[in-house]
Structure formats: C-alpha cells, structure tokens
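Student: Structure of the sequence below:
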Amino acid sequence: MSTQSLTPPLAPPSPRTYVVRTLGCQMNVHDSEHMAGMLEEAGYAPASAEAEASGDVDVVVINTCAVRENAATRLYGNLGQLASVKAQRPGMQIAVGGCLAQKDRGTIVAKAPWVDVVFGTHNLDALPVLLERARHNEAAQVEIHESLQVFPSTLPTRRESVYAGWVSISVGCNNTCTFCIVPHLRGKERDRRPGEVLAEVEALVAAGAIEVTLLGQNVNSYGVEFGDRGAFAKLLRACGRIEGLERVRFTSPHPAAFTDDVIAAMAETPNVMPQLHMPLQSGSDRVLRAMRRSYRSERYLGIIEKVRAALPDAAITTDVIVGFPGETEEDFDETLRVVEASRFSSAFAFQYSRRPGTPAADLPELPKDVVQDRFERLLALQERISAEESERQVGRTVEVLVMEGNGRKDGSTHRVSGRAADNRLVHVALPAGLAELARTGGDAADDPRLAEDTPLPRPGDLLTVRVTHGAPHHLIADSAADGGPFAVRRTRSGDAWALRERARAGLGGDEHAHAHGGPAGGPVLLGMPSLTTRG
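Tutor: Predicted coordinates for the structure are as follows:
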C-alpha cells in the first residue's frame, strides 16, 4: 500500500476590512451607509472597533463636509494621523469622498500624497472600482463628476441601526443662499418618485425598523421636479399607512416652502412625530435678504404659531448664523427677539464661516470679538429657554424609544437613554430589580438583554415613563424609583437588535430571524427596493 503526501487545502483569504469615518450632516451619515453597503457588496468586511483603534484596517474612507470653515482642518488632521499608520501597514488604502472632496479635488492628493482615492458627491458608486484601480495602478485615483451619475438611494446600504433608518427623498438644492456651498457641491434638486421612497421605507420596516427619518436639503419642496407641489404632505400621509412604522421624522424644511397642508399632515398622521427642525438663520429681515432667504421673520413666527396650534406639544429646533457680513447690533437684537418668541427646545448656533465659492465669500467679515460676543449672548439666551422648556415637561408621561448608545453617566446611574416622541433625549431609571439585573452582564455573550425572556429594555423597545426633571439638553425620568409609571413594550426592533447581537456574540439565533423580520447577522444591508406600485 503506497502512501501519498497530502497537503491541507489552503484557507480562503480573509476579506479586506474597511471603516468609514463621517464628518458632517445627516445627509453625509446616510451617504456613508451607502459607501459601506457598496464595499460589503464588493467583498469587504467591516473592521472591528478594536482593529480601527489599533490601525489594523485595510481601507479607511473619510466622508467629508465642506459647510463649516474648519472642515479642511478636520480632514487633514485625520489624514495626518493616518499617514504614520499607513507607513507601518503596506497595502492599506485611504479614500476621501463627500463635499470637501467635490470642492477641493485638485489639492487633496497634492497636500496628502498618501491618499489613494478621491471621489465626489455625484459618483459614490465608483468607490470600490477606484480602490481596485488604485491598487492595480499603484497610483492615486481622482474621479469627480459635475452632475449626479447614479441616484444614491439605488445603491446598496449598510445600516448600523436596526430600529431606525434614514431615507433620502431628494438630493441637491434649488435655493441660492449666499452663505451656502451645498447647491454647488450637490447640484440641483433631484426628487425620487413617491413609490420608490415608500418601497424603501417598507423594506426598512420589514427588516425591523420602527422609526424612519425622511431626508432632503429642502424636504417641503419635494415634488417640484415631477410637478406635484403637494407631494410632501401626501408622502407623510402615505407613511402613516405603513403597518409597523411607529415614528416618522423629517429634516430639513425651508420656511419659504412650508405650507399648511404639511402642518395638517403632521397633525393628522399619528406616526408623524410632534417635532420640527426649521432653520431660522437670522431674525433680521435685512440680513435674511442679504442671505437670499426668501422669507421674513414674521412669516417664520407665523409658521411656528400654526404648528403649535395644530401640535401643542411639538418640540421645535433651529439653526442660527451669528455674524453674517454686515450684521449690525440692531440686526442681532432682531435675532434675539425671534429666538425668544420662538421658544425653541434647542438651537444649533454657528458663527458665520466664509466659504470660497459662495456669493457672500467676498463680503467683509465682522471683527472676531464682535461675533464671539454675540455668539455667547445667543447661547446664553437659548440655554435659558431650553432649560425652561425642559422644566415644562416635568410630570408628563412620555414614550421613549431606547437607543443603542448610552448617555455618558448611564453606567453609574443605571439608567438607559432614548428619545421621546418629540425627539428630546431622555435618561430613564430602571426599577430596582431590573437595575440589579442590568449590572450582572459582563461581555456581549453575558448580556442579560440577549436572553429570550429578558425583562430588560433593549435598543428598539419602547418605555412608558414619567418625566421627573428637566435640564437644558435632556430630561430625566426616574418615575420607576418612586412607584410611578414604568412599562416596557417589546418591539420587533428590539427583537431584531437582540438577534443581531446574539449572532455577533456567536450565540446563534438564526432560526428566529424570519419569524421576527429582523436580520440574523450584521446591520441591515439593503439594495434598491423593487416594490414601486405607488405614484
């Protein structure tokens, strides 16, 4: 009997790993989900947090923002840190995409020659091909298109959250605000057909989501491209008919295009949340004209009055720019007046940032100390209003959607954190028995929230609690500690989260995935939905 030398078969090569770092707005966050989805479809695997921290990653993608003046500083800070990592890791690739890549296409590789790929806002789909081309050619690949090549929502999407998702209804913007570079970088508004939007929402819900945020640079101009000015209100009402969808949000509307039919749709559609983010930018009519914002302060206040009449508990938030060129003290006083009258639950305040390529870029800027003083006065006013508005919530019973990330102090206070219907952040105390159970977990495999019959709230579950304290930037709901209301409603989203975490921890659970409509493994990975039966 002869013997042969048998060599064991070679193990298949491990997939190349990636991480996407996002700088910027919700639109960028959603674009990053598309980038991750395309990379995974091309065979890449997400790097673990530990691998990213140690630099053990094959591909790093930085999705940039160009809206603020410090955007370039943040990008080159990231790139500088990655230069030394790449020097120690042959074969590592760095890609830069997004708005700053679209704007500074010619300078990124010149300033950071260790970058392998630069791509813009109009050709997200090119990322995997450009990475492979850069590897093959051993040279940087820069590809920027001036107009949209593929609608982003048709691309694969890797969604980190199983209980909430972004859905883009349009890209680009038709406004000409003198301070804003977005129309130049993202182009004219392009609207998706309602059937495509609703199909994507339904696909998300089928995968376990109970909350969806509709995204657009100006959501309430949605429909202009296909000739239906009432399309956004109709879309909100259609979302109200999707079974299993419990929370609908949207961002951002433009005051000039805000119509009464949208307010009616918000008030009459139960799953549209009592929350509105509507940028003010300035309370001065003179400055609004200089900004080319086609509304005036009284028009803005009138919208808020109508929203509050229809939705008395609505939380309204805003954006304000301080120190726009030519702003006088009287102009700034008008901004303070409108902010005081609006009673925003919170406001995102920015010091004017000159952006080359915008109409306002050549205007003389105000002295830095003047802008800083006004900025601090606005912050102080809004901090007071936010505190007062939060205090008004004390005693209310609210339903809180538990988030995946915890508050900074949740570990020591044994609270869980989530969002109320009006999007306020709420930190919730657990009853004594549940708090004790929550402390028993060690690593992921021992997480008591993953047990089939756990009484603990999981991300995606809903809590009914009473607000006991209000702070400027959050609410506390410790009603469970004094015998007040505390109820956990287990949801499909909580089930989907537990299935995903069990799979990540190697605990199995696949046999339940189809029954719950949730993913058995990683984050939800969606291609373009095929259901297009609506409008």
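
Student: all helices in the stretch 151-300 of the chain, in order from the N-terminus.
Tutor: Ranges of helices in the stretch 151-300 of the chain, per DSSP state H, counting those that start in this stretch, are 182-186, 194-206, 231-239, 260-268, 285-291, 297-310.

Student: Please tabulate these in TSV, including the columns distance to Gly483.
Tutor: C-beta here means a position set from N, CA and C on the backbone, and glycine is covered the same way. Below are the helices of the stretch 151-300 of the chain laid out as TSV (distance: least, C-beta to C-beta, whole Å):
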stretch	distance to Gly483
helix 182-186	51
helix 194-206	36
helix 231-239	38
helix 260-268	35
helix 285-291	51
helix 297-310	33
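
Student: now those helices as TSV including mean pLDDT, distance to Asn174 and mean neighbour count?
Tutor: Formatted as TSV, these follow (pLDDT from 0 to 100; distance: least, C-beta to C-beta, whole Å; neighbours: other C-beta atoms under 10 Å):
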stretch	mean pLDDT	distance to Asn174	mean neighbour count
helix 182-186	79	7	19
helix 194-206	95	19	21
helix 231-239	98	14	22
helix 260-268	98	18	18
helix 285-291	98	16	19
helix 297-310	98	19	17
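
Student: Select, out of those, the one closest to Ala47.
Tutor: The closest of the helices of the stretch 151-300 of the chain to Ala47 is helix 194-206. By C-beta to C-beta, the value is 24.9 Å.

Student: before we move on, back to that, for the helices of the stretch 151-300 of the chain, which one sits closest to Pro279?
Tutor: Pro279 sits nearest to helix 297-310 of all the helices of the stretch 151-300 of the chain, at 9.6 Å, using C-beta to C-beta.

Student: Send me that closest one as CSV with only the CA atoms.
Tutor: Output of helix 297-310 as CSV, limited to C-alpha atoms (Å, rounded to 0.1, in the frame of the first residue of the first chain):
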residue,chain,number,x,y,z
SER,A,297,-39.2,86.9,10.5
GLU,A,298,-43.0,87.3,10.8
ARG,A,299,-43.5,84.6,8.2
TYR,A,300,-41.3,82.3,10.2
LEU,A,301,-43.0,83.1,13.5
GLY,A,302,-46.4,82.6,11.8
ILE,A,303,-45.4,79.0,10.8
ILE,A,304,-44.4,78.2,14.3
GLU,A,305,-47.7,79.6,15.6
LYS,A,306,-49.6,77.4,13.2
VAL,A,307,-47.5,74.3,14.1
ARG,A,308,-48.1,74.8,17.8
ALA,A,309,-51.8,75.4,17.3
ALA,A,310,-52.1,72.0,15.4
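
Student: shouldn't Trp497 be in contact with Pro459?
Tutor: Yes - look at Trp497 against Pro459 with C-beta atoms under 8 Å: they come within range, at 4.8 Å.

Student: Kindly point out which residues are neighbours of both of the two.
Tutor: Common neighbours of Trp497 and Pro459, using C-beta atoms under 8 Å, 6 or more residues apart in numbering, are 162-163, 404.

Student: Can I get the residues you listed in TSV including distance to Glu143 and neighbour count?
Tutor: As requested, the shared contacts of Trp497 and Pro459 are exported to TSV (distance: C-beta to C-beta, whole Å; neighbours: other C-beta atoms under 10 Å):
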residue	distance to Glu143	neighbour count
Val162	33	29
Tyr163	36	27
Glu404	35	16
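
Student: For those, could you give me TSV that also reports distance to Asn220?
Tutor: Formatted as TSV, the shared contacts of Trp497 and Pro459 follow (distance: C-beta to C-beta, whole Å):
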residue	distance to Asn220
Val162	29
Tyr163	26
Glu404	30
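
Student: Now do the contacts for the residue nearest to Ser170 when sequence neighbours are not counted.
Tutor: Leaving aside its chain neighbours, Ser170 sits nearest to Gly216 (4.1 Å; criterion: C-beta to C-beta, 6 or more residues apart in numbering). Contacts here follow C-beta under 8 Å, 6+ apart; on that basis Gly216 touches 168-171, 189, 222, 250, 252.

Student: So which of the helices of the stretch 151-300 of the chain is nearest Gly323?
Tutor: Of all the helices of the stretch 151-300 of the chain, it is helix 285-291 that lies closest to Gly323, at 10.1 Å by C-beta to C-beta.

Student: Show me what the closest one packs onto, helices and strands only.
Tutor: Packing partners of helix 285-291 (3 or more C-beta pairs under 8 Å, 6 or more residues apart in numbering; DSSP states H and E): helix 329-342.

Student: Which elements pack onto the helix it packs on?
Tutor: Using 3+ C-beta pairs under 8 Å, 6+ apart, helix 329-342 sits against helix 285-291, helix 297-310, strand 315-322, helix 368-391.

Student: TSV please, covering those and showing distance to Gly470.
Tutor: Formatted as TSV, these follow (distance: least, C-beta to C-beta, whole Å):
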stretch	distance to Gly470
helix 285-291	32
helix 297-310	19
strand 315-322	12
helix 368-391	3
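
Student: Identify whichever of those lies nearest to His30.
Tutor: For His30, the closest of the helices and strands packed on helix 329-342 is strand 315-322, at 18.6 Å, according to C-beta to C-beta.

Student: how about the closest one: buried residues?
Tutor: 315-318, 320-322 (16 or more other C-beta atoms under 10 Å).

Student: go on, stretch 98-112?
Tutor: So, applying 16+ other C-beta under 10 Å, buried residues of stretch 98-112: 98-105, 108-109, 112.

Student: Of the residues you listed, which belong to strands?
Tutor: Per DSSP state E, strands hold the following members of these: Gly98.

Student: Export the buried residues of stretch 98-112 as CSV, with columns for pLDDT.
Tutor: Formatted as CSV, the buried residues of stretch 98-112 follow (pLDDT from 0 to 100):
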residue, pLDDT
Gly98, 88
Cys99, 87
Leu100, 87
Ala101, 89
Gln102, 89
Lys103, 86
Asp104, 86
Arg105, 81
Ile108, 92
Val109, 91
Ala112, 93
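
Student: Out of the buried residues of stretch 98-112, list just those in helices.
Tutor: When DSSP state H defines the helices, the subset of those inside them is 99-103, 108-109.

Student: Point out where this structure drops to low pLDDT.
Tutor: 1-12, 69, 149, 151, 153-154, 407-413, 441-444, 508-535 (pLDDT under 70).

Student: mind running it again at 80?
Tutor: Counting by pLDDT under 80, the chain contains low-confidence residues at 1-13, 24-28, 66-72, 146-157, 159-160, 184, 186, 405-414, 440-445, 508-535.

Student: chain center to stretch 306-314, what's the gap?
Tutor: Centroid separation between stretch 306-314 and its chain, computed with C-alpha atoms, centre = their mean, to the nearest Å, is 25 Å.

Student: Stretch 347-364 too?
Tutor: 23 Å.

Student: If you count neighbours, what's buried in that stretch?
Tutor: 347, 349-353, 355, 358, 360, 363.

Student: Which ones among those residues lie within strands?
Tutor: Per DSSP E, strands hold the following members of those: 347, 349-351.

Student: now these as JSON lines including distance to Gly326?
Tutor: As requested, those are arranged in JSON lines below (distance: C-beta to C-beta, whole Å):
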{"residue": "Ala347", "distance to Gly326": "22"}
{"residue": "Ala349", "distance to Gly326": "19"}
{"residue": "Phe350", "distance to Gly326": "17"}
{"residue": "Gln351", "distance to Gly326": "15"}
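
Student: Closest one to His122 out of the residues you listed, please.
Tutor: Taking C-beta to C-beta as the measure, His122 lies nearest Phe350 of those, at 26.1 Å.

Student: Give the bridge partners for that closest one, please.
Tutor: Ile321 (DSSP bridges).

Student: separation between it and Glu389?
Tutor: Counting by C-beta to C-beta, to the nearest Å, the separation of Phe350 from Glu389 is 21 Å.
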